[in-house]
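**Student:** okay, sequence plus prediction incoming.
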Amino acid sequence: MTKQINIGGVPVGGGAPIPIQSMCNTRTDDVAATVAQIHRLEAAGCDIIRVAVPDQAAARAVGAIKEQIHIPLVVDIHFDYRLALESVAAGCDKVRINPGNIGDAERVKAVARACREKGVPIRVGVNGGSLEKPLLARYGGVTPEALVESAFGHIALLHRFDFDDICVSLKSSDVRTTMAAYRLMSERCDYPLHLGVTETGTIRMGTLKSAIGIGGLLGFGIGDTLRVSLSADPVEEVYAARDILKALGIRQEGPNLIACPTCGRTRIDLIGLVEEVECRLKGVEKPITVAVMGCVVNGPGEASAADVGIAGGDGVGLLFRRGEIVKKVPQAELVDELFALIEEL
C-alpha cells in the first residue's frame with residue numbers, strides 16, 4: 001500500500017482507482033488549441049492531463065487553460081524554476097520536475113515552498129535519457145539501480161526543504177529496465193508510482209511495449225497511475241491505457257470484447273465482423289462482455305461467460321446470451337441483431 005496524494009481532487013495511491021494520464025502535444029501558449037485537445041482527451045477517458053511549460057509564454061497560459069477544462073492540470077518543468085513558481089501561482093494541480101536540473105538548492109527550496117503552500121504535489125520524474133553523468137559512470141549506463149538512486153537523490157533534496165507530497169516515475173525506453181526499476185523502487189519506498197515506458201514509438205509497438213511494461217507491473221500490484229507514451233494523437237494514449245486496465249480487470253466500465261482467432265472452420269469474414277462490432281461498441285457504456293466467434297458449433301460454448309455474442313456459419317449465424325442460443329440469424333443481420341440484444345440488457 002502506497003501513500004496517497006491528491007492531484008486537483010483526484011486521489012493517487014493508497015488503494016485509490018488508477019487514473020489515466022496523458023500529455024498535450026499542442027503549444028501550451030496556444031490556449032485554444034490546447035483546451036480543444038484536452039476536451040477530446042476528457043471525452044476519451046483521460047483523468048489527469050499534463051502540458052509542457054518550456055517558457056514564460058507557456059507559464060502565462062496555465063491559468064487560462066485551467067479555467068476551461070474539467071480534469072487536473074499538471075505542468076512539466078525543466079531547467080527554469082521560475083516557470084514552476086508561475087505555474088503554481090496560476091493554479092496548476094501538480095508539478096512534474098527533475099529537482100536536479102533546475103539549479104542550486106535555493107531554487108529547489110523555492111519550488112518546494114510554493115507547492116507546499118498551495119497543496120500542490122510534485123512528481124519526481126526520473127528518465128533514463130537524462131540520468132546524471134556520475135550515476136551513468138558508476139553503473140555503466142542506464143540501469144534499474146541507477147534510476148532508483150537518482151530518484152532517491154531528488155527525494156532527499158525535497159526532504160531538505162520539508163516537502164514530502166511526492167510521487168515518483170522511473171522511465172526508460174527499455175521495457176525490462178523500466179520494470180526492474182519500478183519493482184526495486186516499490187520495495188524501497190511507499191511513494192505512489194506513476195508508471196510508464198518512455199519513447200515507445202508508434203501505436204502498434206508503443207502499445208505492445210506499454211502493455212508489457214505497465215501491464216506487467218500492474219499485474220504484480222505495482223503502480224498507482226499511468227501514462228502510455230505514443231508517437232501519435234494523445235487520444236490514442238488514453239485508449240491504450242484504458243485497454244490495458246480493462247484487460248487486467250482493473251477497470252470494468254464499458255464493454256469487453258472477446259473474439260476467436262479464426263481457423264479452417266470459419267466460413268464468414270470474422271475479422272471484418274469483429275472490427276464492425278468493436279467500432280459500434282465505442283458507443284456502449286454497459287460493463288458487459290461481448291463475444292464474436294467464428295464457429296457455430298463451438299462458439300456459444302467457448303464464449304459461455306459472455307453476456308451476449310454471435311457465432312458465424314455459412315451465410316447464417318447464431319445469436320446467443322450467456323451461452324444459450326437465442327436464434328439463428330442471416331449473416332447480414334448478425335451485428336444489428338446483436339446490438340438489439342445489447343439494448344435489452
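**Tutor:** On my side now, so go ahead.
**Student:** gap between Val53 and Arg138?
**Tutor:** Relative to Arg138, Val53 is positioned 31 Å away (C-beta to C-beta, to the nearest Å). (Glycine included, C-beta is placed from N, CA and C.)
**Student:** okay, the two: which has more neighbours?
**Tutor:** Val53 (28 against 12; other C-beta atoms under 10 Å).
**Student:** I'd like the average pLDDT over the host helix or strand of Leu157.
**Tutor:** Here Leu157, judged by DSSP states H and E, is contained in helix 144-160. Helix 144-160 comes out with an average pLDDT of 94.
**Student:** ok, now stretch 306-319?
**Tutor:** 83.
**Student:** in it, what's buried?
**Tutor:** Buried residues in stretch 306-319, counted by 16 or more other C-beta atoms under 10 Å: Ala306, Asp307, Val308, Gly309, Ile310, Ala311, Gly312, Gly313, Val316, Gly317, Leu318, Leu319.
**Student:** how about stretch 136-154?
**Tutor:** In stretch 136-154, counting by 16+ other C-beta under 10 Å, buried: 139, 142-144, 146-154.
**Student:** ok, so of the residues you listed, who is nearest Leu218?
**Tutor:** Pro144 (17.8 Å; C-beta to C-beta).
**Student:** and that closest one, what does it touch?
**Tutor:** When contacts are counted by C-beta atoms under 8 Å, 6 or more residues apart in numbering, Pro144 touches Leu170, Thr177, Ala180, Ala181, Arg183, Leu184.
**Student:** 6 Å - rerun?
**Tutor:** Thr177, Ala180, Ala181, Leu184 (C-beta atoms under 6 Å, 6 or more residues apart in numbering).
**Student:** do the same with Ser169
**Tutor:** With contacts defined as C-beta under 6 Å, 6+ apart, Ser169 is in contact with Gly125, His194.
**Student:** figure out the length between the terminal residues of stretch 281-288.
**Tutor:** 10 Å (C-alpha to C-alpha, to the nearest Å).
**Student:** and that stretch, what's its mean pLDDT?
**Tutor:** Stretch 281-288 shows a mean pLDDT of 86.
**Student:** tell me where the model's unsure across this protein.
**Tutor:** 99-100, 265-266, 296-303 (pLDDT under 70).
**Student:** partner residues bridging the residue nearest the centre of it?
**Tutor:** By C-alpha atoms, centre = their mean, the chain has its centre lying nearest to Arg227, at 3.4 Å. Per DSSP bridges, the residues bridged to Arg227 are Gln21.
**Student:** roughly how far apart are it and Ala311?
**Tutor:** Arg227 sits 38 Å away from Ala311 when distances are taken as C-beta to C-beta.
**Student:** again, but for Met293
**Tutor:** Relative to Ala311, Met293 is positioned 4 Å away (C-beta to C-beta).
**Student:** nearest residue to Ile122 other than its sequence neighbours?
**Tutor:** Among residues not flanking Ile122 along the chain, Val95 sits closest, at 5.1 Å (C-beta to C-beta, 6 or more residues apart in numbering).
**Student:** shouldn't the one you found be within a strand?
**Tutor:** Yes: assessed with DSSP: H, G, I helix; E, B strand; the rest coil, Val95 lies in a strand.
**Student:** was I right about it contacting Pro121?
**Tutor:** No: assessed by C-beta atoms under 6 Å, Val95 is found out of contact with Pro121, at 7.6 Å.
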